[in-house]
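Chemist: I would like to see how this sequence folds:
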Amino acid sequence: MGGHSHWAGIKHKKALVDAKKGKVFTKLIREITIAAKIGGGDLASNARLRKAVDDAKAANMPADNVKRAIMKGTGQIPGTIYEEITYEGYGPGSVAVIVECTTDNKNRTFAEIRKIFSDKGGSIGTSGCVSYMFSKKGVILISKESTNEETLMNIALEAGADDIITQEEGFEVITAPENFEAVKSALEAKGIKLESAEISMVPSNEVEIKDEETAGKVLRMIEALDDHDDTKNVYANHSIADDILAKIEEK
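Modeler: As a prediction, this is how the structure comes out:
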């Protein structure tokens with residue numbers, strides 16, 4: 001989603017947390033449950049679970065909810081069985097879109113996600129139709145108030161980061177997925193505050209949306225997909241200039 005889009009995305013997510021806290025909790029509980037099911041309930045040895053619990057704490061989820069979700073995942077208490085599924089397709093302006101879902105009913109989820117694509121001017125495709133345009137990367141966002149570029153480079157690159165991109169809003173640290181935890185831990189050990197840290201699907205090339213109407217359609221489609229109860233993550237390869245974003249936000 002490009003440099004500025006990672007920052008725009010995290011700001012957007014933070015703004016939605018309070019407004020949709022119940023839905024945020026539901027999605028976090030599903031992620032904790034699946035992470036515990038796949039890798040066990042020990043935070044020290046399960047990086048995915050550790051990340052999910054950190055996200056739950058950031059959203060002020062009660063500790064009891066977290067504990068129950070872990071126990072459901074490990075089978076200590078009964079609970080709904082969730083599975084992960086990914087959908088791919090195109091949005092307005094030929095933007096490539098990947099939707100990662102967690103569901104207890106694949107047929108229902110597919111029908112509802114397909115309808116969102118269709119209603120919002122896009123089309124759902126077959127597995128692999130757009131994923132080749134993306135690479136899985138660790139993405140860590142750090143504000144310029146937290147550190148300077150030289151210090152950040154010394155710490156992050158030594159810990160195994162692939163690249164550091166300086167944006168207007170701050171720094172973007174890019175890692176291979178297998179080095180994500182090491183880089184994240186190294187930065188935290190030096191007291192550097194992380195605005196966001198996640199494994200993301202980063203596009204190889206972006207589609208620049210130059211008109212306000214198409215940009216609005218793309219954003220509305222992504223928001224509708226993201227708002228679905230079963231959606232975990234939405235990735236897209238669009239790039240929208242800040243001035244067009246500002247006009248859309250004013251409406």
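
Chemist: just confirm residue 156 is within a helix.
Modeler: Yes: Residue 156: assigned to a helix according to DSSP: H, G, I helix; E, B strand; the rest coil.

Chemist: does it really touch residue 183, like I thought?
Modeler: Yes: with contact defined as C-beta atoms under 8 Å, residue 156 counts as touching residue 183 (5.7 Å). Heads up, the C-betas are built off the backbone N, CA and C, glycines and all.

Chemist: find residues that contact each of the two.
Modeler: Residues touching both residue 156 and residue 183 by C-beta atoms under 8 Å, 6 or more residues apart in numbering: 140, 173.

Chemist: neighbour count for these two, which is higher?
Modeler: Using other C-beta atoms under 10 Å as the criterion, residue 156 and residue 183 rank with residue 156 on top: 27 against 24.

Chemist: once you drop chain neighbours, what's closest to that one?
Modeler: Distances taken as C-beta to C-beta, 6 or more residues apart in numbering place residue 173 nearest to residue 156, at 5.0 Å, with adjacent residues excluded.

Chemist: with residue 160 instead?
Modeler: Excluding the flanking residues, the one nearest residue 160 by C-beta to C-beta, 6+ apart is residue 179, at 3.7 Å.

Chemist: residues in contact with the one you found?
Modeler: 138, 159, 160, 161, 162.

Chemist: now do the SS call for the fourth one.
Modeler: So that's residue 161. coil.

Chemist: that one and residue 199: what is the separation?
Modeler: From residue 161 across to residue 199, the span is 14 Å (C-beta to C-beta, to the nearest Å).

Chemist: over to the last one?
Modeler: When C-beta to C-beta is the yardstick, residue 162 and residue 199 sit 13 Å from each other.

Chemist: please apply the same query to the third one.
Modeler: Residue 160 sits 14 Å away from residue 199 when distances are taken as C-beta to C-beta.

Chemist: try the first one
Modeler: The gap separating residue 138 from residue 199 is 6 Å, by C-beta to C-beta.

Chemist: compare neighbour counts for the two and give me the winner.
Modeler: Ranked by neighbour count (other C-beta under 10 Å), residue 138 and residue 199 place residue 138 first, with 24 against 17.

Chemist: and stretch 162-180, what's buried?
Modeler: Within stretch 162-180, the residues that count as buried by 16 or more other C-beta atoms under 10 Å are 164, 169, 170, 171, 172, 173, 174, 175, 179, 180.

Chemist: what's the answer for stretch 35-48, then?
Modeler: 35, 36, 37, 39, 41, 43, 46, 47, 48.

Chemist: now do the helices in the stretch 151-251 of the chain.
Modeler: Remark: helices assigned in the stretch 151-251 of the chain by DSSP state H, counting those that start in this stretch are 180-189, 212-227, 242-250.

Chemist: figure out which of those helices is closest to residue 27.
Modeler: helix 212-227 (9.8 Å; C-beta to C-beta).

Chemist: how far off centre is that closest one?
Modeler: 16 Å (C-alpha atoms, centre = their mean, to the nearest Å).

Chemist: ok, residues contacting it?
Modeler: By C-beta under 8 Å, 6+ apart, helix 212-227 touches 20, 23, 91-93, 95, 97, 99, 113, 116-117, 119-122, 209, 231, 234, 236, 238, 240, 244-245, 247-248, 251.

Chemist: verify the stated contact: residue 101 with residue 234.
Modeler: No: judged on C-beta under 8 Å, residue 101 makes no contact with residue 234 at a distance of 9.7 Å.

Chemist: stretch 71-83: which residues count as buried?
Modeler: Neighbour counts over stretch 71-83 (16+ other C-beta under 10 Å) mark 71, 72, 73, 74, 79, 82 as buried.

Chemist: minimum pLDDT in those residues, which residue is that?
Modeler: pLDDT across these is lowest for residue 79, at 85.

Chemist: quick revisit: what's the overlap in contacts for residue 162 and residue 199?
Modeler: Common contact partners of residue 162 and residue 199 (C-beta under 8 Å, 6+ apart): residue 137.

Chemist: thank you kindly, that will do.
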